[in-house]
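J.: Build me a model from this:
(one chain, ligands or ions: 2)
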Amino acid sequence: MVLNKNTEFCCCHFVTMKAPIFIRILIFSIVIQFTACNSAKQSLITPSKKPKRIIFLVGDGMGLSQISTLFLQKDNTNSFKRFKTIGFINTQSGSHKITDSAAGATAFACGEKTYNGAIGVDMDTNSKANLIEKFSEKNYVTGLIATSSITHATPACFYAHTSHRRNEFDIAKQLLKSDVDFFAGGGRDFLREMSAEMQLYNWNIDTSDEQDWKSITFHPDSKYGYLLSGNGMRTIVNGRGDFLYNATKASLRYIDNRKSFMMIEGSQIDWGGHANDYEYVFAEMKDFDKTVGAVLNYAEKDGNTLVVVTADHETGGLALKPASYLDVDGITHNNYDEVEGSFNTGGHTAALIPVFAYGPGANEFQGFYENTEIFNKFLKLMK
Ligand code: MG
Ligand code: ZN
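T.: Numbering: from 1, shown residues only. Ligands and ions are numbered 1, 2, ... in the order given. Next up is the predicted model:
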C-alpha cells in the first residue's frame, strides 16, 4: 500500500475523532514511522543517478535548420526524435557575438568564454583545465572521434592548450602527451615524425586509410589512435563511408563497462555550411544522425550512459525556404510543398543552438543557458 497525503489525513482525522488515547498514540507512531520509512525509501531513489559513461556528440555548425533536414525526409525516421529532454545554449564567445569552433569548443571543454581561435586557453592565453584532464584524474577512460583532423579546433580543445587553432603541429604533440586514451579521425600529416613520442607514451597508432573496425581487439590498458587521412577526412559524398558510425561503435567496445568520457564530432556539417552546399550539409547530417542512433541504442541497453548532442554554432544561416515558380503571367509564387536549402552567409551565425540529452543526468540539460554550462554540468555529473 502506498500512503499518500490524503490517506494520512483521513487516518489521523479518524484517530483524533474516535479512538481512545493509547490507540491514538499507537496509530500516530505507526503513521509517523511509516511516513519516515517511506521518505527514507524515496531519498534513496530520488537523488539523480550519476552516469558511469558520458558521450558528448557535437555536430559542428549544426543549427535547427540542419537538424530539420532530417525531419523533411519521406520516411521521417531519425535519431533526434528519440530525445525527450531538450535545452538551448547561447554560443557567443568572449571576443565576438558570433563564435568560431575553437572558442565554442573551449566553452564546452574548459567552461571558459574565450576569444575566437583560442584552444583551451582564456582571454589572456592562460591554459584552462579541460574535461579530459578532469575526468582522467578520476580514472575515466577518455576518447575523441572526428571527421576532421583530430588536431582541428573542436577535438583539440579537449586535450590541448595553445593561443591559436592554426598551431596544429603543437596541438598534435600535445595529443600524444595528453590523457586521451582513444582517438580516431584525420591528421596523419601533423603526427608524422613523432614515433619517439608515440612509443614513450604507449600509443598504438594505426595510419591505414581503411580500418576493419569490427575485427579490432582492444586491450583496456592500452591507448589507441587511428589516423585515416593526412588532414581532414573525405566528405560523405566523396566516399568517407561509415567511418563515424563504425569508429563510434568500436569506441563503445573500448569504453564498455568502464567510467568513460567520449567526444564524437560530425565535423563537416560546418564545412558544408561554409561551402553553402545543401547536399553536403544533408549528407553529413545523415551520417551524424546514424551515429547518434548507434550511441542511443548503446545507452538504452546500458542504462548507465548519458548522451548529450549539441553544436558549437550554426553555419551558413541555412533557411529551409519554399521553392518558387512563375505563373503564366510571370508572377512568382511560393510552392509550400517543396523545400529548398538557402544560405545567408559563408560564415557562422549567432542563433541559439539546441541541446538534446538522454540517460542519467539528462534533466540537467533542460532550459536556456550559456555554452560554458555544458562543462559545469558534466563536472557535476562526474562520479
Ligand atoms: Mg569542428
Ligand atoms: Zn566553421
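J.: since we're on the closest residue to ligand 1 within the stretch 101-250 of the chain, how many residues are nearby?
T.: Across the stretch 101-250 of the chain, the shortest distance to ligand 1 (CB to the ion) belongs to T154, at 3.2 Å. For every residue, glycine as well, the C-beta is placed using N, CA and C. For T154, the count of nearby residues is 27 (other CB atoms under 10 Å).
J.: tell me the domain boundaries of this protein?
T.: 7-45, 53-382 (automatic domain parsing).
J.: Columns mean pLDDT on top of those, output as a markdown table?
T.: What follows is these, written out as a markdown table (pLDDT from 0 to 100):
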| stretch | mean pLDDT |
| --- | --- |
| domain 7-45 | 47 |
| domain 53-382 | 97 |
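J.: residue in the stretch 201-350 of the chain nearest to ligand 1?
T.: S267 (4.4 Å).
J.: is it true that that residue touches T154?
T.: Yes. Counting by CB atoms under 8 Å, S267 touches T154, with 6.4 Å between them.
J.: my read: K286 touches R240, true?
T.: No. K286 lies out of contact with R240 (CB under 8 Å); the separation is 11.9 Å.
J.: Pretty sure N363 sits in a helix.
T.: Yes. Checked against DSSP: H, G, I helix; E, B strand; the rest coil, N363 lies within a helix.
J.: what about it, how many residues close to it?
T.: Neighbourhood size, N363 [other CB under 10 Å]: 11.
J.: ok, now how distant is it from ligand 1?
T.: Relative to ligand 1, N363 is positioned 27 Å away (criterion: CB to the ion, to the nearest Å).
J.: mind listing the helices for the stretch 101-250 of the chain?
T.: Shown for the stretch 101-250 of the chain, the helices assigned by DSSP state H, counting those that start in this stretch span residues 101-110, 131-137, 153-156, 168-177, 188-191, 195-200, 243-255.
J.: Report the buried residues of the second one.
T.: When you say that, I think you mean helix 131-137. Along helix 131-137, these residues count as buried under the neighbour rule (16 or more other CB atoms under 10 Å): L131, I132, E133, K134, F135, S136.
J.: mind listing what the fifth one touches?
T.: Neighbouring residues of F135 by CB atoms under 8 Å, 6 or more residues apart in numbering: I54, T142, K259, F261, M382.
J.: Pull the most distant pair out of those residues.
T.: Greatest spacing in the contacts of F135, by CB to CB: T142 and M382 (12.1 Å).
J.: Which one's more surrounded, these two?
T.: Per other CB under 10 Å, whichever of T142 and M382 has more neighbours is T142, with 26 against 16.
J.: Next to ligand 1, which bits of the stretch 1-150 of the chain? Give me the list.
T.: Residues of the stretch 1-150 of the chain lying near ligand 1 by CB under 5 Å from the ion: D60, S101.
J.: give me the number of residues near the residue in the stretch 1-150 of the chain that ligand 1 sits nearest to?
T.: Ranked by CB to the ion, the top residue of the stretch 1-150 of the chain for proximity to ligand 1 is D60, at 3.6 Å. Other residues lying near D60 total 29 when counted by other CB under 10 Å.
J.: Show me what the helix or strand harbouring E300 is packed against.
T.: Using DSSP states H and E, E300 falls within helix 278-302. Applying 3 or more CB pairs under 8 Å, 6 or more residues apart in numbering; DSSP states H and E, we find helix 278-302 packed against strand 53-59, helix 64-71, helix 243-255, strand 260-266, helix 269-274, strand 305-310, strand 332-342.
J.: can you give me how far it is from the chain middle?
T.: 12 Å (CA atoms, centre = their mean, to the nearest Å).
J.: Show me which parts of it are buried, residue by residue.
T.: Buried, per 16+ other CB under 10 Å, within helix 278-302: 278, 280-296, 298-299.
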